[in-house]
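Engineer: coords please:
(chains A and B)
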Amino acid sequence: NAGVTQTPKFQVLKTGQSMTLQCAQDMNHNSMYWYRQDPGMGLRLIYYSASEGTTDKGEVPNGYNVSRLNKREFSLRLESAAPSQTSVYFCASMTVYNEQFFGPGTRLTVL
Amino acid sequence: AQSVAQPEDQVNVAEGNPLTVKCTYSVSGNPYLFWYVQYPNRGLQFLLKYITGDNLVKGSYGFEAEFNKSQTSFHLKKPSALVSDSALYFCAVRSLNDYKLSFGAGTTVTVRA
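Structural biologist: Residues are numbered from 1 along each chain as shown, chains lettered A, B, ... in the order given. Now for the predicted structure:
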């Protein structure tokens, strides 16, 4: 039982490049989330998926897209990376008891 | 809109002393309240939650939190802090009918030996 896994762990992009962050959970949770963490700002919700087949915008969705590929996987795509997207990205899934389990994070730098 | 305020960026305590990390919230309707802890270069870990019932909730590692509806607060407490409790702590809130969780900015706790 690996919990929530994220790939890659680290990534450096140039402005304008695209990439997809992958997230998978093996706990059979319905809800999944993408957050970004910036110093002094806590975690901000980018997108979430309440259940397979649905996605909704969070607090800071601009510049991102998501895909809920199946119940296990929820990916986050940056179509044209900008320096303002330099951050640590966390994926999470939520139990029916409202507890969120977080992945180890992806540290992204956009030059 | 829902929001969380953690008024202290940092809390410093001596080992063995009580630890309190403050949190106030704003949400429509009844709140679901949570505390998470983050150790360096790690994801967040769930500590405890308030959904309904007893205002004092107990969680992992000896932590507890008290829900105060009139003051819209959910302060995290530990009677006797350990050096290993040094970490970044986040308070979070969501409303009953919403899947979105809103986090505070976090409070860095340092426990000195």
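Engineer: the bottom helix or strand of chain B by mean pLDDT?
Structural biologist: Each helix and strand of chain B was given a mean pLDDT (mean pLDDT, DSSP states H and E); the minimum falls on strand B:102-103 at a mean of 92.
Engineer: who does the next helix or strand after it pair up with?
Structural biologist: Next along the chain after strand B:102-103, taking DSSP states H and E as the criterion, comes strand B:107-112. The strands beside strand B:107-112 in its sheet (DSSP bridges) come out as strand B:10-14 (parallel), strand B:87-95 (antiparallel).
Engineer: what sits up against the shortest one?
Structural biologist: Outside of strand B:10-14, the residues that reach it under the criterion C-beta atoms under 8 Å, 6 or more residues apart in numbering or on different chains are B:19-21, B:81, B:107-112. Placement of C-beta: from N, CA and C, glycine included.
Engineer: how about stretch A:33-45?
Structural biologist: By C-beta under 8 Å, 6+ apart, stretch A:33-45 touches A:21, A:23, A:46-49, A:58-60, A:64, A:66, A:74, A:76, A:85, A:87-94, A:100, A:105, B:4, B:9, B:44, B:90, B:100-106.
Engineer: that one: end-to-end distance?
Structural biologist: Its first and final residues considered, stretch A:33-45 spans 7 Å by C-alpha to C-alpha, to the nearest Å.
Engineer: pLDDT on it, on average?
Structural biologist: For stretch A:33-45, mean pLDDT rounds to 91.
Engineer: can you tell me which residues contact the residue of chain A at minimum distance from chain B?
Structural biologist: Closest contact between chain A and chain B, by C-beta to the nearest C-beta, is at A:F102 (3.5 Å). Shown in contact with A:F102 (C-beta under 8 Å, 6+ apart): A:4, A:90-92, B:36, B:43-45.
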